[in-house]
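Q: pasted the sequence and its predicted model underneath.
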Amino acid sequence: MAKIRVGMIRCDLHAIYYANIIQRHDPLVLRELQFGKGGYFYFYTEYLEQKKIMIPRVAGFEVTKLWDENRAAAEEMSAIYYGKPKVCDSLDEVSDDVDLVFIADCDEDGHDHLEFATPGLKKRVPTFVDKPLAYEVKDARAIVRLAKRYDTPVMSLSILRALPHVSRFRARFKEIGPVEFGITKGGNATTMASHIHAISLAQHLFGAGVEAVEAMGQTPLAYVHLDYGGKPNRPAAGVVLNCAVGGTPHCAMYASAYSSHGVIHSPALGDFEFPYGCVEILKRIKKMVHTGKPQAPYEEMLEGIAIATAARLAQKEKRRVYLKEV
């Protein structure tokens, strides 16, 4: 195919983040729209050159269709891209005559992702589901079952799971030897959209294979402990996700790794860095479309949702919950 034709569902700030990297657009229109300003401020940081994008572009895509429950949002987004993407009248229409369905999600909780992913997967259109894959494990499993039934790849990744800055920090672990304990800081105390970032950051840094979780706090998933059950090459004392940390500059998250030889702390991982995670994810999406295979294991995608589901149960029932329970 000359270009991967993209049908984009939900026209929010994340949709703009990704579309900015693959689609020719008018930065001045982007700057004027209220919901697009974040996509301008962090992409156009050469302030003497207001039209010079500073984030690497990823070629080979074209956004051809947009759909949002709020049609006005889709129409405004189309205007950023010179009116080229067609605004669809229905959810079902957005997956017709495209090579990729892209479900964007900046601040929602994923409860509607199964509904959004179903039409495209049934038409055998490769699908990217922005984080989270779903709100509950049962819906996440249903999405993966659909993908397998129709032999069509689906992939879901948080920016924090693909961010190169996180990989570079992880490479520093050798400075202190085997990590025995880890901490992530940030991710908001109340929303699944943010909790999945904290979980994904922990997966990126410390690995998958969580066996059980415990949770506490005055808000959902305020503080979560991940227990790897003594697995080799995983922190023996586990990882703590600190989501109830108040405000952070530019939505920044942080991480720390501890060993018997010392500790290292990450730099800020925030809005100035996040677009580079989008670049990496788009590269993986392109490979997924061309190979017909997801560029991340389904087991890890499902584990992230299982951690959140189990943590909510642990907090409610005030006990340790094993992932196998959910």
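A: Yep, that arrived.

Q: contacts for the helix or strand hosting residue 31?
A: Using DSSP states H and E, residue 31 sits within helix 27-32. Applying Cβ atoms under 8 Å, 6 or more residues apart in numbering, the contact partners of helix 27-32 are 16, 20, 36-37, 39-40, 43-44, 50-51, 53, 79-80. Any C-beta I mention is one placed from the backbone N, CA and C, and that applies to glycine too.

Q: what does stretch 103-115 give?
A: 8-15, 18, 91, 116-117, 127-136, 139, 142-143, 191-193, 196, 305.

Q: PyMOL command for the buried members of those?
A: To isolate the buried members of the contacts of stretch 103-115 in PyMOL, using 16 or more other Cβ atoms under 10 Å:
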select buried, resi 8+9+10+11+12+14+15+18+91+116+117+127+128+129+130+131+132+133+134+135+136+139+142+143+191+192+193+196+305
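
Q: which of the contacts of stretch 103-115 fall within strands?
A: 8, 9, 127, 128, 129 (DSSP state E).

Q: dump those into TSV; add pLDDT and distance to residue 181 as well.
A: Output for the ones in strands among the contacts of stretch 103-115, formatted as TSV (pLDDT from 0 to 100; distance: Cβ to Cβ, whole Å):
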residue	pLDDT	distance to residue 181
8	98	40
9	98	39
127	98	37
128	98	33
129	98	32
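
Q: distance check, residue 124 against residue 246.
A: According to Cβ to Cβ, to the nearest Å, residue 124 and residue 246 sit 45 Å apart.

Q: same check on residue 193?
A: The value you get for residue 193 to residue 246, if Cβ to Cβ is used, is 17 Å.

Q: swap in residue 44?
A: 29 Å.

Q: do the same with residue 42
A: From residue 42 over to residue 246 (counting by Cβ to Cβ), the distance is 22 Å.

Q: tell me which of those two has more neighbours.
A: Between residue 42 and residue 246, counting by other Cβ atoms under 10 Å, residue 42 is the more crowded of the two (20 against 7).

Q: now do the same contact list for the more buried one.
A: Residue 42 neighbours (Cβ under 8 Å, 6+ apart): 250, 271, 272, 274, 275.

Q: ok, now how distant is it from residue 132?
A: Counting by Cβ to Cβ, the gap from residue 42 to residue 132 is 22 Å.

Q: what sits up against the lowest-mean-pLDDT helix or strand in the chain?
A: Lowest by mean pLDDT, DSSP states H and E among the helices and strands of the chain is helix 37-41, with a mean of 89. With Cβ under 8 Å, 6+ apart as the contact definition, helix 37-41 has outside contacts at 13, 16, 17, 20, 27, 30, 31, 271.

Q: buried sites along that helix?
A: Under 16+ other Cβ under 10 Å, the buried positions of helix 37-41 are 38, 39, 40.

Q: turn those residues into a markdown table, columns for distance to residue 204.
A: Listed next are those as a markdown table, based on distance: Cβ to Cβ, whole Å:
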| residue | distance to residue 204 |
| --- | --- |
| 38 | 23 |
| 39 | 24 |
| 40 | 27 |
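
Q: closest to residue 166 among those residues?
A: For those, the closest approach to residue 166 (Cβ to Cβ) belongs to residue 38, at 20.4 Å.

Q: would residue 279 count as being in a helix?
A: Yes. Under DSSP: H, G, I helix; E, B strand; the rest coil, residue 279 sits within a helix.

Q: what sits against it?
A: Contacts of residue 279 by Cβ under 8 Å, 6+ apart are 21, 55, 56, 58.

Q: just checking the distance from stretch 118-132 to the centre of its chain.
A: 15 Å (Cα atoms, centre = their mean, to the nearest Å).

Q: again, but for stretch 181-191
A: The answer for stretch 181-191 is 15 Å, by Cα atoms, centre = their mean.

Q: end to end, how far does that stretch reach?
A: 25 Å (Cα to Cα, to the nearest Å).

Q: now stretch 226-243
A: 13 Å.

Q: in that stretch, which residues are buried?
A: So stretch 226-243, judged by 16+ other Cβ under 10 Å, has buried residues 226, 227, 228, 234, 235, 238, 239, 240, 241, 242, 243.
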